[in-house]
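In: I'll drop the sequence and a predicted model, then ask my questions.
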Amino acid sequence: MPVLDKNARVWAVFEARSTVAFDDMDARWIERLFKPFQTIEKALPQP
């Protein structure tokens, strides 16, 4: 799952592994967990 910054650029990639299938509640909590990253502007690499 990509974690996006406020400009919709990929900040990180989240990989979750579980022995059981994820449900809607899991999806909602994961979304809430990474929502603060959407307020941050990722710095671009300097040449």
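Out: That came through fine.
In: Which helix or strand contains residue 31?
Out: Counting by DSSP states H and E, the element that carries residue 31 is helix 24-34.
In: pLDDT on that helix, on average?
Out: Averaged across helix 24-34, pLDDT comes to 90.
In: May I see the buried residues of it?
Out: Under the neighbour-count criterion of 16 or more other C-beta atoms under 10 Å, helix 24-34 has residue 34 buried. Bear in mind the C-beta positions are built from the backbone N, C-alpha and C, glycine included.
In: Could you list every helix and strand in contact with it?
Out: Helices and strands touching helix 24-34, as assessed by 3 or more C-beta pairs under 8 Å, 6 or more residues apart in numbering; DSSP states H and E, are absent.
In: Which residues does it contact?
Out: Helix 24-34 is contacted by residues 1, 3, 14, 16, 22 when judged by C-beta atoms under 8 Å, 6 or more residues apart in numbering.
In: Among the residues you listed, name the buried ones.
Out: Buried members of the contacts of helix 24-34, scored by 16+ other C-beta under 10 Å, are residue 3.
In: List the ones among the contacts of helix 24-34 that fall in helices.
Out: Residues of the contacts of helix 24-34 located in helices (DSSP state H): none.
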